[in-house]
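> The amino acid sequence is not available; the structure is as follows:
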C-alpha cells in the first residue's frame, strides 16, 4: 500500500524498456480528485535535470497550469535526463504531453520525474510507448501502488512504501507514499524521488508548507554519502476525496511520521550498508546548531568505516565534532558526552573505561552526543561505509 | 635527506617502545643555530591534542620562551595524546622538560608533536627513556634525517622527505623537510606532522608569514577523506647557518615548492588509494572561489569510487560542482567544461562523445574544470576511494 492507499488515486508501474535489465522502469500516479492540489520540494543543486526544471515551473503555474495544482506524475528510472541541454527539456515536455493526452488533461498538469544515468538522452519512443501501457494498467489497488514503487527503483534492492490512516469512519483520512534512493543521500536532500498522496482536503499553500516542514525534518536529515543529486524531488498530491480537513498540527505530525518512515526505509537500503547510524546531538543552543553538528559527524568517512568494523570509535566522533565552526554550534569540548548504543564512552573531556561494553552487532547504531550547551536536539541518519559501497559505486555509472 | 639537509640541524629517530609493532616511534630534531627561529601552523579543529596546545603557546611566547623561537622538536608516533585532559598536558610538559634537560635548553624552547591513537595516555616512562636514547643518537647525517622521518610514521607505508638547495657556493641555502600522514587528510589540514628546516637567515615573522602562505597553497589543498585531525602541525625551523637571507618572494617560492613536493608524497601514500586525483578549477572569479569548488568536488565519495573503478564519470563531477553555493563561486552550469586526463568529455552543458578515449590507467588522474567565469584557478588533491581504504579504517583504531 502506498500511493494508492488514499482515496482518489490510481497508479501503475510497467516495463517500458529503458533499463538494460528489462526491469520495471515507468510509473504513473494519477489524482482523480475531486481536488488536484500539488506541492513539491526539489534539489538545491545548481545543476538540475530537465524534469526538475519542468516540475518546479509547473507548480509555480509557469507551464500553462494553475499554481499548486497537478493531475498526475509520470516517473521513469533508467535515465535521469540531467545534463541533456535543450533536447532534455523537449523530451520532458513531450513526456508530459503524451501523458496528458491519455488522461484528458493539459501538459501543464503533469509532473515529471526521472532517475538513473546522467547525461544520456532518454530513449523517447520507448518511454512514450511505456506511458501508453502504464495508462492502460492504472488501478487503485495496493498492487498498483507497489508496481509504481517498484518501477522507480534504481540500485534500490527493495521497493519502499508506507501508509498511515488517521481516525476511523467518516472522519478518517489517509497518507501514503513511495520513495526511491540509495546512493547520493545528501546534505540538502537524498537522491531520491518520493511521491506522497493523501485524500485530505488541502489547499496548495497548506500542502506546500506541510511538505517543506516535513522534508526538512525527515529526508533532509539523511546523509548517506554526502552527495546531492541533480534530480531529487518530493511531491505531495491531495485529492480531497476523504472530505476531511486536518488541522495544521495534525497534518504536520502525520506527514512527518510517514516521511520519517519512508526515510528510514531509504537508510536501511543504502548502498552496501551494514549499519544504519542515527546521530543525535542534544544539548545544543538551537535545533539548527544540533543539526549542523550531527550532519558534520555524519559525513566522516573514518567514523563510517569504524562502524562498519564494529569499532565504537569515539575519537573519530570527537575529532569530527571539533570541525564544526564555533559560530555555527557553540559548545565546550570538555563538557561533551558521547554514548554509543546507550553506553557512555566519553564524558566531560575524558574517555570512559567501558568501551568494550558497547554492543555494535545491531544493524541500528545509535550515537548520542550531548553538548551540554543548550536545550535543542536533532537527529541525522547515515550509514556505515563498506566494501559493498565501493563495489557498487566503482562499477555503476550514474 | 630531509631535516638534516640544511646546515645547523641534527636529528634522530629511534624505537622507544610506544608502538606495539616495535617500529621506530620517537624522533628528535635539534636546531644548533646560530638562530633558533621557529614558526608553526596548527589544526583548526576545536578538539586539539595537548602537544598542539603546548606548541601553539610556546611559539606565542607563553611557555617561558621567546615568541617565535625554539631549539628543538620532539615527536612521537603511537599515541596522539588527544582527549587526555589535564594529564595529557602534564605529559607533554614532562616530555619537553626531559628533552630540554638533555639539550641544555629550557622546556619553553622545545616543541612537541604526537600522532597515533586518540584518547589513551602516552606510556611516559617508555617515552622519556626513548628521548634519552634519541638524544644520544643525534647526528647531522642524511641517515639521521631518514631515521626521524621513519619514526613519525603511523599507517604511512613509506617515509616522506624532500629537500631543495638554492644557488651555489657561499650564497646557497637549503630547505629540507619530513612529513607523515595518510588518513584524515582534510579540509583545513591533513592529519599530518611536518617539520621543515632551513639554514636561511629568517626572523620569526618572516618564517611565520612564509609558512602560513605555503601551507595554504600546498598541504591545505589536500583532501583525502574530508576528515581533520586533532594533531595537525607544520613547523618551520631556521638556523641561519648559511648566512644567506632570501628575498620574501624567493623564500615563498622555495618553501612552497618543497611543501608541495612533500604534500604530493602524502597524496601518493594515502590509505588504500590506487589513484591520486588533481582537481584543477580554472576560470573562477577568484582563487578562493576556485579552491572552494575544487574542494567540494574533491569530497565526493561517488566520484572517488568512480575513479577507483576507472570510470571517467563527469556526471558525478557536475552534480557535485552544482552543490557549491552561488555566492561562494559564481558560474553558469551551461558554460562549464570538464576534461579528464586531457580529454574534454563535457562542454557547454553537454556531454562529449569521446568518453571512451579517456585513459584512466595512470595513477595520477587530472580533472580540469573550466568555469568560464573569471581568471583564477586552484588545484586540490584527493585520492580514489577503494576497498583498501575501508579495510584500513574499519580495522585500525585511531
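Right, received. Where do you want to start? Everything numeric here is computed off the predicted structure, so don't read it as measured data.

> Buried residues, stretch A:277-295. List them.
Residues of stretch A:277-295 classed as buried by neighbour count (16 or more other CB atoms under 10 Å in any protein chain shown): A:277-287, A:289-295. In this view, the C-beta of every residue, glycine as well, is placed from N, C-alpha and C.

> now for the lengthiest helix in chain A, which elements pack on it?
Using DSSP state H to define each element, chain A has its longest helix at helix A:248-268. Helices and strands touching helix A:248-268, as assessed by 3 or more CB pairs under 8 Å, 6 or more residues apart in numbering or on different chains; DSSP states H and E, comprise strand A:160-166, strand A:173-180, strand A:193-198, helix A:204-217, strand A:276-284, strand A:376-383.

> Determine which of these approaches chain B most closely.
When these are ranked by distance to chain B, counting by CB to the nearest CB, first place goes to strand A:376-383 at 11.3 Å.

> buried ones in the longest helix of chain A?
Applying 16+ other CB under 10 Å to helix A:248-268 flags A:250-268 as buried.

> Name the SS class of residue A:317, please.
Three-state assignment for residue A:317 (DSSP: H, G, I helix; E, B strand; the rest coil): helix.

> Relative to residue B:83, how far out is it?
From residue A:317 over to residue B:83 the distance is 10 Å, taken as CB to CB, to the nearest Å.

> residues near residue A:334, how many?
Residue A:334 has 13 neighbouring residues, counting by other CB atoms under 10 Å in any protein chain shown.

> And the pLDDT at it?
pLDDT for residue A:334: 89.

> Run through the residues that contact the residue lying closest to it once chain neighbours are set aside.
Spatial nearest neighbour of residue A:334, chain neighbours left out: residue A:349 (3.8 Å); criterion: CB to CB, 6 or more residues apart in numbering or on different chains. Contact partners of residue A:349, counting by CB atoms under 8 Å, 6 or more residues apart in numbering or on different chains, are A:333, A:334, A:335, A:336, B:83, B:85.

> Type out the PyMOL command that picks the buried ones from those residues.
The command below creates a PyMOL selection of those among the contacts of residue A:349 that count as buried (16+ other CB under 10 Å):
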select buried, (chain A and resi 333+336) or (chain B and resi 83)
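
> Let's have the contacts of residue A:349 in CSV, adding secondary structure and distance to residue B:342.
Written out in CSV, the entries for the contacts of residue A:349 read as follows (DSSP: H, G, I helix; E, B strand; the rest coil; distance: CB to CB, whole Å):
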residue, secondary structure, distance to residue B:342
A:333, helix, 46
A:334, helix, 51
A:335, helix, 52
A:336, coil, 48
B:83, coil, 46
B:85, helix, 52
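
> Next, format the contacts of residue A:349 as a markdown table and append distance to residue B:145.
Compiled in a markdown table, the contacts of residue A:349 are given as follows (distance: CB to CB, whole Å):
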| residue | distance to residue B:145 |
| --- | --- |
| A:333 | 36 |
| A:334 | 38 |
| A:335 | 43 |
| A:336 | 40 |
| B:83 | 31 |
| B:85 | 34 |
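
> now, which of the contacts of residue A:349 sits nearest residue A:152?
Proximity of the contacts of residue A:349 to residue A:152 (CB to CB) peaks at residue A:336, which lies at 41.1 Å.

> I figured the closest one was touching residue A:370, is that so?
Yes - between residue A:336 and residue A:370 there is a contact under CB atoms under 8 Å: 6.9 Å.

> At the contact with chain B, which residues of the stretch 201-350 of chain A appear?
By CB under 8 Å from any CB of the partner chain, the part of the stretch 201-350 of chain A that sits against chain B consists of A:225-230, A:299-302, A:305-306, A:308-309, A:311, A:313-316, A:318-324, A:326, A:333-334, A:346, A:349-350.

> Run through who's touching the strand or helix carrying residue A:130.
Element membership for residue A:130 (DSSP states H and E) is helix A:124-137. By CB under 8 Å, 6+ apart, the surrounding residues in contact with helix A:124-137 are A:12-18, A:25-28, A:74, A:76, A:91, A:94-95, A:98-99, A:102-103, A:144, A:147.

> Restricted to buried residues, select these in ChimeraX.
Selection command for ChimeraX covering only the buried members of those, criterion 16+ other CB under 10 Å:
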select /A:12,13,14,15,16,17,18,25,26,27,28,74,76,91,94,95,98,99,102,103,144,147
